[in-house]
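1. fold the following.
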Amino acid sequence: MLIWFLPLFLAILMIGTPVVFALLFAPGFMTWVTGNERDLAILYRNVYTGIDSFPLMALPFFMLAGEIMNRGGITTRLVEFSQAFMGHLRGGLAQVNILSSILFAGLSGSAVADTSALGSTLIPAMEKNGYTRKFAAAITAASSVIGPIIPPSGIMIIYAYVMGESVAALFLAGIVPGVLVGVGLMVMVRLLADRYDLPKAERIVTKNQSITRVESVLSFILLRINLMGIFWAVFRLGSSIAGVARPEGTMLWLTLAILLVLSHVFLIWMRGQVSSDFRVVCKKAVAPLQTPIIILGGILIGVMTPTEASTIAVAYALLVSVFVLKSLTWADFFDVLQRSALASAAVLLLVGAAVAFKTIVATSGAATTMADVILGLSENPLILLFLINILLFIVGMFLDAGPAIIILGPILGPIFTDIGVHPVHFAIIMSVNLTVGLATPPMGLVLFVASTVSREKVETIAKAILPFLAVEIVVIFLITYFPQISMTVPYLADFLGCPPDIGYMACISPQPPAN
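-> Presented below is the predicted three-dimensional model:
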């Protein structure tokens with residue numbers, strides 16, 4: 001009888017009850033009806049124990065870092081940087097919107113923050129430039145789902161916490177799918193440019209900008225270090241393919257020194273190819289864009305955990321906003337703390353309620369029942385992956401990604417691991433699918449945020465967003481059936497835990513255990 005809490009949960013959710021209350025009331029009521037008062041006490045105790053976790057501390061810190069960057073005027077700099085690169089293309093401001101979302105994803109990791117921050121800037125600008133308001137709101141909502149895919153990602157932290165996976169592996173696995181979503185949206189904008197007569201544009205470079213001496217020197221140094229890092233990654237990849245041993249000791253430092261000199265020479269050459277205004281716009285974007293580099297770099301080289309990286313991100317955001325850019329006052333900082341605290345409290349309360357919900361799922365036998373149903377549909381893993389994508393897409397329309405991952409992850413994850421899907425691969429399939437659900441009618445959260453920002457009806461935005469949702473669905477199936485898309489980066493970084501003598505394909509797509 002206890003298993004009836006699932007239909008009750010869905011019914012309560014469909015009448016408009018907030019998710020956190022539905023997560024607690026449905027299992028709580030059925031537990032009380034069946035006379036399991038002891039399980040009822042365990043249920044509500046798990047709300048606290050579900051939140052009391054060191055890895056989950058990364059969530060409020062990443063939210064705080066994103067809020068500091070946004071309040072410190074970082075959004076404007078990213079938009080100007082995107083305009084300088086993409087503004088000259090047909091449908092230029094729409095392309096700028098997408099590129100800004102890709103860049104902003106590395107700061108906030110939140111689709112809602114992306115829609116709110118970039119939408120308030122770009123939707124009015126696009127409307128003024130000749131775009132319809134519904135199109136501007138639709139592309140803002142569609143591109144905002146990149147936020148939780150490209151690291152740092154709140155939902156991937158939640159998945160790693162629930163399923164015991166490596167946060168670093170999930171972060172790395174999200175990079176290529178996130179960029180692929182962005183590129184797909186850009187291609188769709190270009191295809192729609194003629195059909196909808198999107199405005200032609202020219203390269204937009206803000207004139208006569210000034211930059212402080214401190215920021216100029218900082219950008220000079222960071223640009224060369226970043227480019228050296230890119231050259232080093234290419235060098236390591238080439239060495240790995242050629243079977244050449246990696247340099248160590250003195251040779252390592254000599255190699256890095258040579259790459260640093262090459263970076264300086266390349267940047268000096270590039271300096272002569274662009275205008276002084278273009279250089280200033282690029283320099284002003286360098287300091288903010290170090291945030292994802294610091295986070296990923298610190299995790300990859302093993303000097304910090306994701307939770308520690310989140311605190312470093314907050315410290316760096318404060319340093320840049322208060323002392324380098326001087327765009328954030330201490331009076332603003334208290335408001336930032338308040339906003340991030342409220343947002344973090346809402347997310348963590350959802351996580352706690354979902355963990356408690358998961359306890360009842362485990363004791364009710366619902367997980368075993370669902371596994372039997374899924375495996376009874378087909379013995380072909382490809383068909384099962386197709387069906388589970390449909391299920392996740394529907395769930396994402398109605399349920400926020402965090403609670404959906406906590407509820408469904410422990411049920412679905414082991415099923416697909418047993419049929420030969422790598423745990424990290426399935427994590428990306430699930431995370432991307434549920435994230436796209438945030439922009440999917442009828443209950444996609446970012447649709448309502450975009451409606452609020454643009455003052456356009458949700459129904460109107462929902463119709464305009466359909467071509468972009470089609471692109472994102474195609475990307476979901478690509479990463480589902482081609483694990484190389486998401487698994488290559490964590491494999492190269494050695495974060496999949498594979499033995500050194502195992503092959504690439506055997507590592508990223510393990511075979512199911514023999515019966």
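2. low-confidence ranges, the stretch 151-300 of the chain, go.
-> 200-206, 240 (pLDDT under 70).
3. repeat that for the chain.
-> Applying pLDDT under 70 to the chain picks out residues 1-5, 36-39, 87, 200-206, 240, 364-367, 500, 511-515.
4. mind listing what L318 touches?
-> L318 makes contact with I68, L328, F333, according to C-beta atoms under 8 Å, 6 or more residues apart in numbering. Where C-beta positions appear, they are placed from N, C-alpha and C, glycine not excepted.
5. how much space is there between it and L325?
-> Note on L318: its distance to L325, by C-beta to C-beta, to the nearest Å, is 11 Å.
6. repeat that for L24.
-> 43 Å.
7. check G229 too.
-> 23 Å.
8. check the secondary structure at the residue most central in space within the chain for me.
-> Nearest residue to the geometric centre of the chain (C-alpha atoms, centre = their mean): P148, 2.0 Å. P148 carries the three-state label coil when classified by DSSP: H, G, I helix; E, B strand; the rest coil.
9. confirm for me that it is in contact with G106.
-> No. In this structure, P148 is not within contact of G106 by C-beta atoms under 8 Å, at 11.8 Å.
10. tell me the helices and strands packed up against the helix ranked longest in the chain.
-> When the chain is parsed with DSSP state H, its longest helix is helix 330-364. When contacts are defined as 3 or more C-beta pairs under 8 Å, 6 or more residues apart in numbering; DSSP states H and E, helix 330-364 sits against helix 5-14, helix 19-33, helix 37-51, helix 58-71, helix 154-163, helix 401-418.
11. may I see those helices organised as JSON lines, with mean neighbour count and distance to I485 added?
-> Formatted as JSON lines, the helices and strands packed on helix 330-364 follow (neighbours: other C-beta atoms under 10 Å; distance: least, C-beta to C-beta, whole Å):
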{"stretch": "helix 5-14", "mean neighbour count": "17", "distance to I485": "33"}
{"stretch": "helix 19-33", "mean neighbour count": "20", "distance to I485": "31"}
{"stretch": "helix 37-51", "mean neighbour count": "16", "distance to I485": "32"}
{"stretch": "helix 58-71", "mean neighbour count": "26", "distance to I485": "25"}
{"stretch": "helix 154-163", "mean neighbour count": "25", "distance to I485": "16"}
{"stretch": "helix 401-418", "mean neighbour count": "21", "distance to I485": "17"}
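12. can you list the ones you listed in a markdown table and add distance to R195?
-> Compiled in a markdown table, the helices and strands packed on helix 330-364 are given as follows (distance: least, C-beta to C-beta, whole Å):
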| stretch | distance to R195 |
| --- | --- |
| helix 5-14 | 37 |
| helix 19-33 | 38 |
| helix 37-51 | 48 |
| helix 58-71 | 34 |
| helix 154-163 | 34 |
| helix 401-418 | 32 |
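13. of those, which is nearest I428?
-> Taking C-beta to C-beta, helix 154-163 is the member of the helices and strands packed on helix 330-364 nearest to I428, at 8.4 Å.
14. and the helix or strand just after the closest one with helix 154-163, angle?
-> Next along the chain after helix 154-163, taking DSSP states H and E as the criterion, comes helix 167-195. For helix 167-195 against helix 154-163, the angle between stretch directions is 140 degrees (axes from the mean of the first three to the mean of the last three C-alpha atoms, to 10 degrees).
15. burial measure for P442, as a count.
-> Neighbourhood size, P442 [other C-beta atoms under 10 Å]: 10.
16. burial count for the closest residue to it other than its chain neighbours?
-> Spatial nearest neighbour of P442, excluding adjacent residues (C-beta to C-beta, 6 or more residues apart in numbering): M397 at 6.7 Å. M397: 16 surrounding residues under other C-beta under 10 Å.
17. look at M397 and give its secondary structure.
-> When classified by three-state DSSP, M397 comes out as helix.
18. test my guess that it contacts A439.
-> No. Using C-beta under 8 Å, M397 is not in contact with A439, being 9.9 Å away.
19. are there residues contacting both of these two? Which ones?
-> By C-beta under 8 Å, 6+ apart, no residue touches both M397 and A439.
20. which of G229 and L325 has more neighbours?
-> Taking neighbours as other C-beta under 10 Å, G229 and L325 compare with L325 leading, 21 against 16.
21. contacts only, for the more buried one.
-> Contacts of L325 (C-beta under 8 Å, 6+ apart): G72, G73, E215, A287.
22. try it again with 10 Å
-> Counting by C-beta atoms under 10 Å, 6 or more residues apart in numbering, L325 touches 69, 72-74, 77, 211-212, 214-215, 284, 287-288, 319.
23. ok, K358 - how many residues close by?
-> 23.
24. and it, what does it touch?
-> Residues in contact with K358 (C-beta under 10 Å, 6+ apart) are 23, 27, 46, 50, 162, 367, 403, 406-411.
25. among these, which one sits closest to E248?
-> Nearest member of the contacts of K358 to E248, counting by C-beta to C-beta, is V162, at 38.7 Å.
26. hmm, that closest one is touching I405, no?
-> Yes. Contact criterion C-beta atoms under 10 Å: V162 and I405 qualify, at 6.5 Å.
27. list residues touching both of those two?
-> Shared contacts of V162 and I405 (C-beta under 10 Å, 6+ apart): V351, A354, G413, A427.
28. export the residues you listed as JSON lines, with columns for distance to V19.
-> Converted to JSON lines, the shared contacts of V162 and I405 look like this (distance: C-beta to C-beta, whole Å):
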{"residue": "V351", "distance to V19": "11"}
{"residue": "A354", "distance to V19": "9"}
{"residue": "G413", "distance to V19": "21"}
{"residue": "A427", "distance to V19": "22"}
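29. just the buried ones out of those residues, please.
-> Among the shared contacts of V162 and I405, those classed as buried by neighbour count (16 or more other C-beta atoms under 10 Å) are V351, A354, G413, A427.
30. thinking again about what came up before, nearest to L392, of the contacts of L318?
-> So of those, ranked by how close each gets to L392 (C-beta to C-beta), first place is I68, at 32.8 Å.
31. what residues are up against the residue lying closest to that closest one once chain neighbours are set aside?
-> Distances taken as C-beta to C-beta, 6+ apart put A317 closest to I68, at 4.1 Å, once the chain neighbours are dropped. Residues in contact with A317, defined by C-beta under 10 Å, 6+ apart, are 64-72, 74, 107, 288, 291, 294, 328, 336.
32. tell me the secondary structure at A317.
-> Relying on three-state DSSP, one would call A317 helix.
33. ok, now Q209?
-> Relying on three-state DSSP, one would call Q209 coil.
34. contacting residues for it?
-> Neighbours of Q209 in contact, by C-beta under 10 Å, 6+ apart: E80, S276, D277, R279, V280, V281, K283, K284.
35. show the backbone phi and psi for it.
-> Main-chain torsions, Q209, degrees, to the nearest 10: phi -80, psi 150.
36. would you confirm that I390 contacts M397?
-> No. Shown here, I390 and M397 do not form a contact pair, counting by C-beta under 10 Å, at 11.3 Å.
37. G35 and P7: what is the separation?
-> Distance from G35 to P7, by C-beta to C-beta: 20 Å.
38. ignore what I typed, I meant W253.
-> From W253 to P7 the distance is 64 Å (C-beta to C-beta).
39. before we move on, what about I388?
-> 21 Å.
40. re earlier: among the contacts of K358, pick out the one closest to S219, please.
-> V162 (39.8 Å).
41. quick one: contacts for that closest one?
-> By C-beta under 10 Å, 6+ apart, the residues touching V162 are 50, 351, 354-355, 358, 402, 405-410, 413, 427.
42. between these, which sits nearest A117?
-> G402 (20.0 Å).
43. does the closest one touch G396 like I think?
-> No. G402 lies out of contact with G396 (C-beta under 10 Å); the separation is 11.5 Å.
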